[in-house]
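In: missing the sequence, but the structure's below:
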């Protein structure tokens, strides 16, 4: 088991810098987009609503896969309670500087996206007073259906309620490329790593007095043209982390983690919000176009409380050269705890994932099911955006 512990942002903000950044849960609470807008890649600030932006549970909707659907983590989805990101991308919504009595937010806009391209928020880290947002631009040179033009997706990421002080927010954008001539369609190679950062201030005081109607918008901005290239590990291969999840009752489940490779009925799973029913089935007669999936079930150590949640964060290929041995894939899974909630003891359920495996170019799915080596790297952390010592929910 990989050891990774996430603490609340407000607790770490004034701590001594860490040698390794500490992972935090990604809470994307709104998404939007428009082909005509061109907001900066990143803006840090707040949407002044008198100290409250979104209900705290709204962040969960991005991570907890809707029952019966296939999604990616931090997927693109509008918030049903407040649609602001389309207006942000058009320039009609301008974030203001934040205070300690309202949430600090990161407004992220993708590079231009053609049909079939994706922009994902991969992970969030904190190192002292520096927040690090990792994002990916998944693109290719494959000819797609005609569209009226490139669009830009926008995501609203919450950092939580921060103490007054000076902070830094750094964007790490990985451009992941797949060629039409690749022998492994569906597998992307890290082509470029770009970074940019901005300083931002969290003020102290009553936001009703701090904000005025004509207050200038936040100046904590990172633009596309200001990104700088960084050295990175080349040859890292990934597939987009599509997955489905259930929460079976913990009673009667084995104590150990389980991984099972099975063939399921044909399904074009590379589409958002599709029904996942066939991924949980095992056909009696595996056809040539069957889907190879890894079924991952958490053991006793992954038992979830009612308000805890789990997700698949990335799927990396570490070997696909037959001359070097059997192909290998590593699935990264995370469990996030909310132990500060009274009555949230980890006794109710276990996380169970179905992860489709990109097997094109490695022979038949039936043969690969016998040779593929799958490793699941589990991490666990605390999801505590407000730093609550105890919260009672009934």
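Out: Cool, got the structure. Here the structure is a predicted model, which means the values were calculated and not measured.
In: end to end, how far does stretch 308-327 reach?
Out: Terminal residues of stretch 308-327 are spaced 33 Å apart (C-alpha to C-alpha, to the nearest Å).
In: in the sheet, who's paired with residue 203?
Out: Note on residue 203: beta-bridge partners by DSSP bridges are residue 99.
In: so it touches residue 210, yeah?
Out: Yes - using C-beta atoms under 8 Å, residue 203 is in contact with residue 210, at 5.7 Å. Quick note: C-beta positions are derived from backbone N, CA and C, even for glycine.
In: so between these two, which is more surrounded?
Out: Taking neighbours as other C-beta atoms under 10 Å, residue 203 and residue 210 compare with residue 210 leading, 18 against 14.
In: hang on, the earlier thing: mutual contacts of residue 203 and residue 210, please.
Out: Common neighbours of residue 203 and residue 210, using C-beta atoms under 8 Å, 6 or more residues apart in numbering, are residue 99.
In: what strand or helix carries residue 369?
Out: In the assignment (DSSP states H and E), residue 369 maps to helix 365-371.
In: and that helix, what does it pack onto?
Out: Counting contacts by 3 or more C-beta pairs under 8 Å, 6 or more residues apart in numbering; DSSP states H and E, helix 365-371 packs against strand 258-264, strand 291-297.
In: which residues touch it?
Out: In this structure, residues lying in contact with helix 365-371 by C-beta under 8 Å, 6+ apart are 261-263, 286, 290-292, 326-327, 357, 359, 362.
In: first-to-last residue distance for stretch 228-238?
Out: 23 Å.
In: repeat for stretch 114-130
Out: 32 Å.
In: ok, stretch 136-150 next?
Out: 17 Å.
In: please enumerate residues in contact with it?
Out: 35, 110-120, 122, 173-180, 188, 240.
In: go again using 6 Å as the cut-off
Out: With C-beta atoms under 6 Å, 6 or more residues apart in numbering as the test, stretch 136-150 has contacts from 35, 111-120, 122, 174-176, 178-180, 188.
In: and the buried ones among those residues, selectable in PyMOL?
Out: Filtering these down to the buried ones (16 or more other C-beta atoms under 10 Å) takes a single PyMOL command:
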select buried, resi 111+113+117+118+119+120+122+174+175+176+178+188
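In: for the stretch 251-394 of the chain, just list every one of the strands.
Out: 258-264, 274-275, 291-297, 309-319, 328-337, 341-342, 352-356, 373-382, 391-392 (DSSP state E, counting those that start in this stretch).
In: tell me the strands beside the last one, with direction?
Out: For strand 391-392, the pairing partners within the sheet under DSSP bridges are strand 341-342 (parallel).
In: domain ranges for the protein, per the record?
Out: Taking automatic domain parsing as the reference, the chain has its domains at 9-229, 238-382.
In: out of the helices and strands packed on helix 365-371, deepest packed?
Out: Across the helices and strands packed on helix 365-371, averaging neighbours per residue (mean count of other C-beta atoms under 10 Å) puts strand 291-297 on top, at a mean of 22.
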